[in-house]
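Engineer: kindly return the folded structure for what I paste below:
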Amino acid sequence: MTELDLKTSTTDPARPGVRGGWRTPDRLYRLISSPVLRMILGWDLPRYDLRVVERRAGTVCMEVGSGGGFYTTALKTHLGSENTLIALDPSPSAMQSLRHRLDGVPGARMSYLAGDGCKLPLADDQADTLFYGYSLEEMPDPLAAMREAHRVLRPGGELVLFLWRPVFTRHRRRPVVALLDELFERRRTSAGPQNIRLVYRKPAE
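Structural biologist: Residues are numbered from 1 along each chain as shown. So this is what the prediction gives:
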């Protein structure tokens, strides 16, 4: 992490109204990250899904909530060797396991951090892209998490959110989406039976 400034967040607590989600236990990471299981259930196809993430030389992308790494390998490959990918998850053991699995996989330069998605360990205006692959709904304070996203994204930076509808119900989503539309410019929306995918951009100053 020599090229990136790390800091402790000073983001204020979120406004009340969005309860925290149920966090997936570490021991289930491997199960829910099984490509076979997720293809059978019709959830996701990582190489296809990640086409919405921009690739520009010198990009710093953080995957917030890497978990078992379902998207991380494809994201590393998609970004390519001219870019940096930071994998962030609350579980140190998950990050250690992910580091071993991705060692030698071609693609973006990797950093691995055990940290809180509601208090991102980056300085202001540091990231070019933030990617949340079904992790926001598990965070204890989704509103604080989105204010943190706004803080660490550079002006013009990209925010990509994949939300799992059965868990992130309309009642829980409504204040989060309202805050997102207040802080960012919405660029893309798609929705299916299981998921909602949103792409935002932080307004340029």
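
Engineer: CA atoms for contacts and neighbours, from now on please.
Structural biologist: OK.

Engineer: which stretches of this structure have low pLDDT?
Structural biologist: Residue ranges of the chain with pLDDT under 70: 1-44.

Engineer: list the buried ones in the lengthiest helix in the chain?
Structural biologist: Assignment by DSSP state H gives helix 170-183 as the longest helix of the chain. For helix 170-183, the neighbour count (16 or more other C-alpha atoms under 10 Å) marks 172-173, 175-176, 180, 183 as buried.

Engineer: who are the packing partners of the following helix or strand past that helix?
Structural biologist: Past helix 170-183, heading to the C-terminal end, the next element that is a helix or strand (DSSP states H and E) is strand 185-191. Identification of packing neighbours for strand 185-191 by 3 or more C-alpha pairs under 8 Å, 6 or more residues apart in numbering; DSSP states H and E yields strand 195-201.

Engineer: partners of the strand it packs on, with directions?
Structural biologist: If you go by DSSP bridges, strand 195-201 pairs up with strand 153-164 (antiparallel), strand 185-191 (antiparallel).

Engineer: out of these, which one sits most buried?
Structural biologist: For the strands paired with strand 195-201, the stretch with the most neighbours on average is strand 153-164, a mean of 22; neighbours defined as mean count of other C-alpha atoms under 10 Å.

Engineer: please enumerate the helices of the protein.
Structural biologist: 29-32, 35-40, 46-49, 72-79, 92-102, 142-152, 170-183.

Engineer: what's the last one packed up against?
Structural biologist: With contacts taken as 3+ C-alpha pairs under 8 Å, 6+ apart, helix 170-183 sits against helix 142-152.

Engineer: let me know the angle separating the helix it packs on from strand 195-201.
Structural biologist: On the basis of axes from the mean of the first three to the mean of the last three C-alpha atoms, to 10 degrees, helix 142-152 is oriented at 30 degrees to strand 195-201.

Engineer: and helix 142-152, what does it pack against?
Structural biologist: Where contact means 3+ C-alpha pairs under 8 Å, 6+ apart, helix 142-152 is packed against helix 170-183.

Engineer: in PDB, could you pull the C-alpha coordinates for the helix it packs on?
Structural biologist: Listed next in PDB are the C-alpha coordinates belonging to helix 170-183 (Å, rounded to 0.1, in the frame of the first residue of the first chain):
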ATOM      1  CA  ARG A 170     -37.600  -2.000  -0.800                       C
ATOM      2  CA  HIS A 171     -38.100  -0.600   2.700                       C
ATOM      3  CA  ARG A 172     -34.400  -0.900   3.500                       C
ATOM      4  CA  ARG A 173     -33.300   0.300   0.000                       C
ATOM      5  CA  ARG A 174     -35.500   3.400  -0.300                       C
ATOM      6  CA  PRO A 175     -33.400   5.700   2.100                       C
ATOM      7  CA  VAL A 176     -30.100   4.300   0.700                       C
ATOM      8  CA  VAL A 177     -31.100   4.900  -2.900                       C
ATOM      9  CA  ALA A 178     -32.300   8.400  -2.000                       C
ATOM     10  CA  LEU A 179     -28.900   9.200  -0.400                       C
ATOM     11  CA  LEU A 180     -27.100   7.800  -3.400                       C
ATOM     12  CA  ASP A 181     -29.200  10.000  -5.800                       C
ATOM     13  CA  GLU A 182     -28.400  13.000  -3.600                       C
ATOM     14  CA  LEU A 183     -24.600  12.400  -3.500                       C
END
